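K.L.:
Sequence plus the predicted model coming up.
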Amino acid sequence: MEWEIFKQFRMKLRNAYELELMRQSGQIAAAALKKAIDAIKVGITGLELDKIAQEEIYRLGGDLSYKTVPGYKHATCVTINEQVVHGVPTDVKISSGDLISIDLAVMYKGWHTDCAWSKLVDHESSIEGHEEKKRFLQVGEEALWNGIAQAVDGGRVGDISHAIQSKVEGVGYSVVRSLVGHGVGKKLHEDPQIPGYGQAGEGLKLRSGMSLAIEVIYAYGKSEVVLDSDGWTYKTADGSLAGLFEMTVVVGRDRAEVLTCLI
């Protein structure tokens, strides 16, 4: 059975030429995301952040992956506070203490990469809740790197999932279980699914050359989400804060190669 499952994915192993195109796609995505994240400040709007990211993607020779999503018209998804994913950029001004997540994907010569990051907006340490919000984001970022560390040849999807879940839920936060990471490459969303929860040693066996978008989608409170009236934005059902960290990686023999690293 395992071999039958693997045969479904064997064509998804990237060759050297494809990997080079994905690397270039990832470099563009990382540059655009970093520019947008660095521009976050009190008073800026999601639409302005979206424009910054879009202009950078085009300047660097990329195209918008979200063009391939029917009905979506933006370069990014921008989520604020209790919003989880797929937030439509708006003209609402960002306030001090808001938690902002930007998710974007780039297509370069037919190859997609996907990444996201969360940031706390200009919040003084003396304000109540500052340290807890910082801790919340730190846990999400650490969970992402813990998951990425498991993306090695011979491992299992469940190893990635378990590493994320252990970090997030080990400190009392919740993994959002209805939303998952995914394969990425010729299409923005491909198999296999990469949940943020699961059992180590279970799931599809990983092979060098698989390209994955590993995501940490989590909430301060409970894991349930609801769809907003705009038909796109998911938010936490209990109104608690949500965070989002995502990188596109290629499974390696000894360690994963991160294609969208912001550093």
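P.N.:
That came through, no problem. What you see is a predicted model, and the numbers here were worked out from it, not measured in a lab.
K.L.:
And stretch 58-68, end to end?
P.N.:
With Cα to Cα, to the nearest Å as the measure, the ends of stretch 58-68 fall 16 Å from one another.
K.L.:
what's the spacing between it and its chain's center?
P.N.:
Once both centres are worked out by Cα atoms, centre = their mean, to the nearest Å, stretch 58-68 turns out to sit 17 Å from its chain's centre.
K.L.:
mean confidence for that stretch?
P.N.:
Stretch 58-68 shows a mean pLDDT of 97.
K.L.:
Just checking the distance from the longest helix along the chain to the centre of its chain.
P.N.:
Taking DSSP state H as the criterion, the chain has its longest helix at helix 16-39. Here helix 16-39 is found 13 Å from its chain centre; the criterion is Cα atoms, centre = their mean.
K.L.:
try stretch 89-104
P.N.:
Chain-centre distance of stretch 89-104: 16 Å, with Cα atoms, centre = their mean.
K.L.:
Over to stretch 232-248?
P.N.:
On Cα atoms, centre = their mean, the centre of stretch 232-248 falls 10 Å from that of its chain.
K.L.:
ok so, going back, which strands and helices lie in contact with the helix or strand that the longest helix of the chain is followed by?
P.N.:
Using DSSP states H and E, the helix or strand that directly follows helix 16-39 along the chain is helix 46-59. Using 3 or more Cβ pairs under 8 Å, 6 or more residues apart in numbering; DSSP states H and E, the elements in contact with helix 46-59 are helix 16-39, strand 63-64, strand 76-80, strand 99-108. Where C-beta positions appear, they are placed from N, C-alpha and C, glycine not excepted.
K.L.:
so which of these comes closest to Val226?
P.N.:
Val226 lies closest, by Cβ to Cβ, to one member of those: strand 76-80, at 13.6 Å.
K.L.:
From the contact counts, what lies against the next helix or strand after that closest one?
P.N.:
Heading C-terminal from strand 76-80, the first helix or strand you meet, by DSSP H and E, is strand 83-85. Packing partners of strand 83-85 (3+ Cβ pairs under 8 Å, 6+ apart): strand 99-108, strand 211-219, strand 234-236, strand 242-250.
K.L.:
If we use 10 Å, what do you get?
P.N.:
Under the contact criterion of 3 or more Cβ pairs under 10 Å, 6 or more residues apart in numbering; DSSP states H and E, strand 83-85 touches strand 76-80, strand 99-108, strand 211-219, strand 225-227, strand 234-236, strand 242-250.
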